[in-house]
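[1] Sequence first, predicted model second:
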Amino acid sequence: MSDDSPRDDKPSGLTRRALFKGAGAAAAAGAVFRSIEAGAKESDTVPANVQGPGTVPVELDVNGAKKKLEIEPRQTLLEVLRLPLDLTGAKPVCDRGTCGACTVWLDEKPVYACTVLGVEAAGRKVTTVEGLGTPEAMSSIQKTFVAEDALQCGFCTPGMVMSAAWAVKKHGKDLTEDQARAACAGNLCRCGTYPHVLKAALACARKGS
Amino acid sequence: MKAFKFVRPRTCEEASKAVQAESNAILKSGGIDLLDRMKEHVDDPDTVVGLVDAEGLEAIRIEDDGAINIGAKVTLQQLADSEAVQRFLPTLAEAAGLAASPQIRNRATIAGNLAQHTRCGYYRRASFPCVQRGASECPVKQDGAVQDTAGVFDDECVSAHPSSIAPVLGSLEAQIKLRINEVSMFALFDNLWIRRDGKPASHAQLPEGAVIEAIHIPARSEKQYVGFAEIRQKAAFDWALVTCAVRYALDPDGKIGDASVWFGSIAPAPHQSVPAMRALLGQECTDKTIQAAAEASMKNAKPVPGAAYKVKLAKVALKRALEHARGRS
């Protein structure tokens, strides 16, 4: 995975993420997460009737890019996004579909990535917070979260952004507070920033797009 | 999770055969509950038969006679959003729309909702004793703490069935279309909750090799009054403490001629209240009748101390559901 990715918000120096990357490098190079960079035959990625229990080749469509990977059936979409794909926006918190920190879109609908198997996401469209915008080129909802101070510790934020963005996308300019509230009901914020999240969702909807 | 083989049948027939042919296999639909249990090692299957590629399970169809057929893989969000369900089965749309969160409703299916296991904390930790796993006594009975996941009847297992949709399907006298190998058959909703060894079932009991294909809601010629009430701690994204679904029809003299009352979250299985139904039959649906039905519904309650509060909640839920049914135009 490249290190010049816009995900790391500090351009240089030791970030927490870089530290984890270094520590995990040996493990990540092991057999479980083998990324097929190129040259995989088309027939390798046709969904088979039987997959695993070892690694199987899959092709994931993440944020518009096709990613060829070898994963085990037991790996959740959340695990696949974070480790082999290095998309660390979706956060592992409860890992039981009860907190919302790992919210992504599967075929344009919000789901908890910890409740989906990676092999089941193959062939479907996966959108993570990284797919909405980058720190340099933020999407409207991300800019509005900043402008409305819609985060404190920030850990729930990527999931909250995905739910709020979906509410704006679904209801457009007419988004009501109740609709925004219902859309974000599956995301917990320990800091209690909910009022600002709702304000951000509504402000983004009023701006359009 | 333990490593497992993932089998992806294309049809229900293939799924039925696969779950019998593979050793220690389990069926997966949306998998919301199953993956939880596998992560906790409450279930450790060697093979997961996933319905992800199985075809013909995603439609809500109105049949010629007015019956409604809901494919096993229809999600809770689809149920909540379906115009046909909203119009003809409003309590089902309401219960589905209130369940869990948008992220879960987009994945969880109607068949999986019926097949989910109890949320009882003792059941869901493999290291704790539980009568459902062969322990001789239920630890909840010794535990004085408040038990949101306990039922109100003194049974060998005092867990509570978590589905808010199951009591609605019970009240609508749903039939479960099952597929075993080449054969499709209908099972009565009530029969899903009977264990062969006589112990209380804490989740749906399917015959060996059976796959839920669809939920079939029979058509009725006379006007139906239906109501649903759910009581929980939070406005959204919470488990029910008690749910109640009712259905009744009136005789020409204005008295209740046919009634169905089902509760969720108060017994190991969805609970049909025969005493409440008796209290309704032959009566006009007055406040007095509703009160009598509420009292009757809980006359056999014998809760563990931590779940005693649910007896009051259940009466309130039944009253709200009946008032809801009566008020619906």
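    Nice, I can see it. Numbers count the residues shown, from 1 in each chain, chains lettered A, B, ... in the order given.
[2] how about the residues of the stretch 51-200 of chain B near chain A?
    Residues of the stretch 51-200 of chain B that fall close to chain A, judged by CB under 8 Å from any CB of the partner chain: B:52-53, B:77, B:100-104, B:106-107. C-beta here means a position set from N, CA and C on the backbone, and glycine is covered the same way.
[3] any idea of the mean pLDDT for the strand or helix carrying B:A111?
    Assigned by DSSP states H and E, B:A111 belongs to helix B:110-115. Helix B:110-115 shows a mean pLDDT of 98.
[4] tell me what it is packed against?
    Identification of packing neighbours for helix B:110-115 by 3 or more CB pairs under 8 Å, 6 or more residues apart in numbering or on different chains; DSSP states H and E yields helix B:32-39, helix B:76-81, helix B:166-171, strand B:211-217.
[5] neighbouring contacts of it?
    With contact meaning CB atoms under 8 Å, 6 or more residues apart in numbering or on different chains, helix B:110-115 is reached by B:27, B:29-34, B:57, B:70, B:72-76, B:79, B:96, B:99, B:163, B:165-166, B:169, B:176, B:192, B:203-204, B:206, B:212, B:215.
[6] Looking at the helices and strands packed on helix B:110-115, which is nearest to B:V261?
    helix B:166-171 (7.0 Å; CB to CB).
[7] next helix or strand past that closest one?
    Immediately after helix B:166-171, counting by DSSP H and E, sits strand B:175-180.
[8] hmm, which two among the residues of the stretch 51-200 of chain B next to chain A are most spread apart?
    B:D53 and B:S101 (26.0 Å).
[9] who has more neighbours, those two?
    B:S101 (26 against 16; other CB atoms under 10 Å in any protein chain shown).
[10] which residues does that one contact?
    A:100, A:185-187, B:236-237.
[11] Now the two most distant members of these.
    Applying CB to CB across the contacts of B:S101, the maximum distance is between A:G100 and B:A236, 11.7 Å.
[12] what's the helix or strand for A:W105?
    A:W105 belongs to strand A:103-106, assigned by DSSP H and E.
[13] from the middle of its chain, how far away would whichever helix or strand comes after that strand be?
    As assigned by DSSP H and E, the chain's next helix or strand after strand A:103-106 is strand A:109-112. Counting by CA atoms, centre = their mean, to the nearest Å, strand A:109-112 is centred 10 Å from the centre of its parent chain.
[14] what does stretch A:153-163 give?
    Put simply, stretch A:153-163 sits 10 Å off its chain's centre (CA atoms, centre = their mean).
[15] Can you confirm whether it lies near chain B?
    Yes: applying CB under 8 Å from any CB, one finds stretch A:153-163 touching chain B at A:S163.
[16] rewinding a little: relative to A:E148, which of the helices and strands packed on helix B:110-115 is closest?
    Closest among those, using CB to CB: helix B:76-81, at 27.8 Å.
[17] Would you mark the buried spots in that closest one?
    For helix B:76-81, the buried set under the neighbour-count rule, 16 or more other CB atoms under 10 Å in any protein chain shown, comprises B:76-80.
[18] picking up where we left off before, A:G100 and B:A236: which is more packed in?
    Taking other CB under 10 Å, A:G100 and B:A236 do not tie; A:G100 has more neighbours (28 against 14).
[19] where along chain A do the strands fall?
    Taking DSSP state E as the criterion, chain A contains strands spanning A:34-35, A:50-51, A:56-62, A:65-71, A:103-106, A:109-112, A:125-127.
[20] can you redo those strands as a markdown table with mean pLDDT, distance to A:G159 and mean neighbour count?
    Output for the strands of chain A, formatted as a markdown table (pLDDT from 0 to 100; distance: least, CB to CB, whole Å; neighbours: other CB atoms under 10 Å in any protein chain shown):
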| stretch | mean pLDDT | distance to A:G159 | mean neighbour count |
| --- | --- | --- | --- |
| strand A:34-35 | 36 | 25 | 15 |
| strand A:50-51 | 96 | 28 | 20 |
| strand A:56-62 | 97 | 16 | 21 |
| strand A:65-71 | 97 | 21 | 18 |
| strand A:103-106 | 98 | 4 | 27 |
| strand A:109-112 | 98 | 8 | 26 |
| strand A:125-127 | 98 | 13 | 22 |
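[21] now these as a markdown table including distance to chain B?
    Output for those, formatted as a markdown table (distance: least, CB to the nearest CB, whole Å):
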| stretch | distance to chain B |
| --- | --- |
| strand A:34-35 | 16 |
| strand A:50-51 | 4 |
| strand A:56-62 | 8 |
| strand A:65-71 | 11 |
| strand A:103-106 | 6 |
| strand A:109-112 | 5 |
| strand A:125-127 | 13 |
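[22] I'd like the ones you listed written out as CSV, with distance to B:F4 added.
    CSV is the format used below for the strands of chain A (distance: least, CB to CB, whole Å):
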stretch, distance to B:F4
strand A:34-35, 19
strand A:50-51, 10
strand A:56-62, 12
strand A:65-71, 13
strand A:103-106, 21
strand A:109-112, 20
strand A:125-127, 22
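[23] which bits of chain A sit near chain B?
    Chain A has residues A:47-54, A:72-74, A:76, A:95-97, A:100, A:103, A:106, A:109-112, A:114-117, A:119-120, A:163, A:166, A:181-183, A:185-187 near chain B, with proximity defined as CB under 8 Å from any CB.
[24] which residues touch B:P167?
    Applying CB under 8 Å, 6+ apart, the residues contacting B:P167 are B:95, B:243-245, B:262-264, B:270-271.
[25] Give me the domain ranges for chain A.
    A:54-131, A:133-209 (automatic domain parsing).
[26] Mean neighbour count, those: which tops it?
    Stretch with highest mean neighbour count among the domains of chain A: domain A:54-131 (a mean of 22; mean count of other CB atoms under 10 Å in any protein chain shown).
[27] ends of that one, how far apart?
    Start-to-end span of domain A:54-131 (CA to CA, to the nearest Å) is 29 Å.
[28] where does the one residue in chain A that gets nearest to chain B fall, phi/psi-wise?
    Closest approach of chain A to chain B (CB to the nearest CB) occurs at A:G186, with a separation of 2.5 Å. Torsion angles at A:G186 (phi, psi; degrees, to the nearest 10) stand at phi -90, psi 20.
[29] right, and it touches A:T103 too?
    Yes: applying CB atoms under 8 Å, one finds A:G186 in contact with A:T103, separated by 7.3 Å.
[30] Mutual contacts of these two, please.
    In terms of CB under 8 Å, 6+ apart, A:G186 and A:T103 are both contacted by the residues A:110, A:112, A:163, B:103.
[31] Tell me the spacing between the first one and B:S101.
    Using CB to CB, to the nearest Å, we find A:P110 at a distance of 9 Å from B:S101.
[32] B:G198 - how many residues pack around it?
    Around B:G198 there are 7 residues (other CB under 10 Å).
[33] do the same with B:A166
    Neighbour number of B:A166 under other CB under 10 Å is 29.
[34] Contacts only, for it.
    Counting by CB under 8 Å, 6+ apart, B:A166 touches B:113-114, B:262, B:264, B:270.
[35] Now do the same for it: its pLDDT.
    Note for B:A166: predicted pLDDT of 98.
[36] where's it relative to B:R133, distance?
    From B:A166 to B:R133 the distance is 22 Å (CB to CB).
[37] go on, A:T176?
    Applying CB to CB, the value for A:T176 to B:R133 is 47 Å.
[38] do the same with B:G112
    Noted for B:G112: a distance of 21 Å to B:R133, by CB to CB.
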